[in-house]
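**Q** I'd like to go over a predicted model; first the sequence, then the structure.
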Amino acid sequence: MPRRKGAPEVNAGSMADIAFLLLIFFLVTTTIETDAGLDRMLPPIEPPDQDVVIKQKNIFTVNINKNGQLLVEDNLMEMKDLRKAATAFLENGADGTCTYCKGKKDPSSSDNPTKAIISLKNDRETKYSTYITVQNELVGAYNDLRNREAQRLYGKDFTDMEADYLDPETPSSIRDDLKDKVKRIQDMFPQKLSEAETTTN
Amino acid sequence: MAKFTKKKDGDLPAVSTASLPDIVFMLLFFFMTVTTMKDSSLMVANTLPNASEIKKLEKKDRVIYIYVGTPTQEYQKVFGTEPKIQLNDKFANVDEVGSFILAERAKKPQELQNVLTTALKVDKDANMGLITDIKQQLREVNALKVNYTTYEGDAFNNLQ
């Protein structure tokens, strides 16, 4: 058939629908950049019913003074050595019940990871950035140990597993599977980081 | 009556799309003007410290923000150069933090009220004294989940 009037006109009536679809898609997917930071739990205000007796050797004290110097277990320490010292303390395993620990089993240090407590104290004049660095190193010590165990058991880093678990976009089937794994690793090295009230002087 | 059946078959009346761009632009402008980034204008200097072991803050509707830092230049005449707390759009004292958290919590839907996180956006030059007071306030209103918001980076950069 010979063409008579050039190309036929395209019906553009559905263009509006397409434009709206695009508009709605961008409206929904636009998220302003998410923040990130160190998650911490504060201790509840009401004291526990009975006093819990904790052996001194199970407490790893970290003191920050107003100049940003560290006093760890009554010794002066450089910031870069803190993570190693905390790791060594956490996995010391003096009572031998911790099968996965690779510590020195030093009898004067912590019994096992579930009993080990890190106590952080700071001065009122400590700079916030120093405090965050210390927090970062202590959380890093826990994460290092947890990553090591997660690598051994599941061949994945704990931090990645936890991030996937907390990500709302992970399908629930994967999330259920991760839940037990994450829980298990967390129980191996429970994060016991206590923050006492600060000293005023 | 013959007039009504005059239509020829297969002849769709063409929809005029000439006004379509106008409609879409109208919508676009509507959303552009209505959208407010609820990052209420910062009245304090807010250079966050760096940290490497960070977790993402998911779900913005479950987060209450508290800003701390020295007031910016334009507010320094009135409020001085000591670090201050900013809640929403105004400066506040430490003892207002508790009631602020309670008020914000009451605004959230019931099912979210127990899972709220308090994001502390604190300038790296602030002192811990103020932070400790805020933490004490948070404990008093039982807002125990906190997030020290940081930038991603090497934590040792903080020390310089």
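**A** That came in fine, so what should we check first?

**Q** tally of neighbours for residue A:139?
**A** 24 (other CB atoms under 10 Å in any protein chain shown). The way it works is simple: take the backbone N, C-alpha and C, and place the C-beta from them, glycine included.

**Q** brain fart, residue A:154
**A** So residue A:154, with other CB under 10 Å, has 15 neighbours.

**Q** can you map out the helices along chain B?
**A** With DSSP state H, the ranges of helices along chain B come out as B:20-34, B:73-79, B:97-107, B:128-140.

**Q** make a markdown table out of those helices and add mean neighbour count, mean pLDDT and distance to chain A.
**A** Listed next are these as a markdown table, based on neighbours: other CB atoms under 10 Å in any protein chain shown; pLDDT from 0 to 100; distance: least, CB to the nearest CB, whole Å:
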| stretch | mean neighbour count | mean pLDDT | distance to chain A |
| --- | --- | --- | --- |
| helix B:20-34 | 11 | 74 | 5 |
| helix B:73-79 | 11 | 83 | 19 |
| helix B:97-107 | 16 | 89 | 11 |
| helix B:128-140 | 19 | 87 | 3 |
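
**Q** output those helices as a markdown table; include the columns distance to residue A:10.
**A** Shown next, in a markdown table, are the helices of chain B (distance: least, CB to CB, whole Å):
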| stretch | distance to residue A:10 |
| --- | --- |
| helix B:20-34 | 14 |
| helix B:73-79 | 56 |
| helix B:97-107 | 50 |
| helix B:128-140 | 62 |
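
**Q** for residue A:149, find the nearest of the ones you listed.
**A** helix B:128-140 (30.7 Å; CB to CB).

**Q** between helix B:97-107 and the closest one, find me the angle.
**A** Angle between the axes of helix B:128-140 and helix B:97-107 is 50 degrees (criterion: axes from the mean of the first three to the mean of the last three CA atoms, to 10 degrees).

**Q** tell me the contacts of residue B:82?
**A** Going by CB atoms under 8 Å, 6 or more residues apart in numbering or on different chains, residue B:82 touches residue B:70.

**Q** if you could redo that for residue A:170, that was the one I meant.
**A** Counting by CB under 8 Å, 6+ apart, residue A:170 touches A:164, A:178.

**Q** for it, give me the backbone phi and psi.
**A** With angles defined as degrees, to the nearest 10, residue A:170 sits at phi -70, psi 130.
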